[in-house]
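Colleague: Model the following, please.
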Amino acid sequence: MKNKNLNWLITVCTISFILSIVMSLTSETFIPKVNIFFGIIIILLFIFISIIFDMIGVAITAQDETPFHSMASKKVHGSTHSVKLLKNSDKLASICNDVIGDALGVVSGSAGMLVSNSIAEMNNWNKSLVVLITTALIASITITGKAYGKTIAINNSEKITFKVGKILHKIKNN
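Modeller: A predicted model of the protein is given here:
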């Protein structure tokens, strides 16, 4: 394995480790302190963000650079950033799909366990059964959302890539 690839793998591992710790600590700190409704909202937010980043990763890998070179020559805002995204699509797909998308999937599952434990305790229900149903629900919502999101991302890869490029352009220029 080349040093460049090994360095990239170490970077991905480090980022995902730190991101997972931060998100897990955040959910374990806040979810027990909020009511169950807001806990569920937080879990759904984690799932939604996971799906969005998965879509971005798929869109970037599915898109060709050609239309963005044309836009960049016309100085269209966001097109240069879109080209940079596409030139680094393999790394960005790892970050979006694996680091952010999968880490949020794991964190939403652990947050679901916290919420389901609270639900079971409040209602004097069987904790194991409530956790089992909750984690299965979270997994099925996440998997279904990502499957649907992949179809959207492939069919709208140019729009999604350009939107991310525009957002990056605005961030850089503000």
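Colleague: Buried residues in the helix-or-strand element of the chain with minimal mean pLDDT, which are they?
Modeller: Ranking every helix and strand in the chain by mean pLDDT, DSSP states H and E puts helix 3-30 at the bottom, with a mean of 84. The neighbour-count check on helix 3-30 (16 or more other C-beta atoms under 10 Å) flags I15, S16, L19, S20, M23, S27 as buried. Bear in mind the C-beta positions are built from the backbone N, C-alpha and C, glycine included.
Colleague: Put together CSV for the residues you listed, with distance to V34 on each row.
Modeller: Converted to CSV, these look like this (distance: C-beta to C-beta, whole Å):
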residue, distance to V34
I15, 28
S16, 26
L19, 22
S20, 21
M23, 16
S27, 10
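Colleague: Run through the residues that contact the residue sitting furthest away from the middle of the chain.
Modeller: Most distant from the centre of the chain: N124, at 34.3 Å, with distances by C-alpha atoms, centre = their mean. By C-beta atoms under 8 Å, 6 or more residues apart in numbering, no residues touch N124.
Colleague: Quickly note the distance from it to S118.
Modeller: N124 sits 12 Å away from S118, taking C-beta to C-beta, to the nearest Å as the criterion.
Colleague: Do a quick rundown of the helices in this structure.
Modeller: 3-30, 36-62, 66-73, 79-87, 89-93, 103-123, 127-155, 157-172 (DSSP state H).
Colleague: got any ranges where the chain has weak pLDDT?
Modeller: Where the chain drops to pLDDT under 70, the residues are 1.
Colleague: So K172 is in contact with G78, correct?
Modeller: No. Using C-beta atoms under 8 Å, K172 makes no contact with G78, being 10.2 Å away.
Colleague: Give me the more crowded residue out of the two.
Modeller: More crowded of K172 and G78, by other C-beta atoms under 10 Å: G78, with 21 against 9.
Colleague: which non-adjacent residue is nearest V115?
Modeller: Of all residues not flanking V115 in the chain, G39 sits nearest, at 4.1 Å (C-beta to C-beta, 6 or more residues apart in numbering).
Colleague: Tell me, how many residues neighbour the one you found?
Modeller: G39: 22 neighbours (other C-beta under 10 Å).
Colleague: same deal with K127?
Modeller: 13.
Colleague: contacting residues around the residue nearest to it when sequence neighbours are not counted?
Modeller: Leaving aside its sequence neighbours, K127 sits nearest to A120 (C-beta to C-beta, 6+ apart; 4.3 Å). Shown in contact with A120 (C-beta under 8 Å, 6+ apart): N126, K127, L129, V130, V131.
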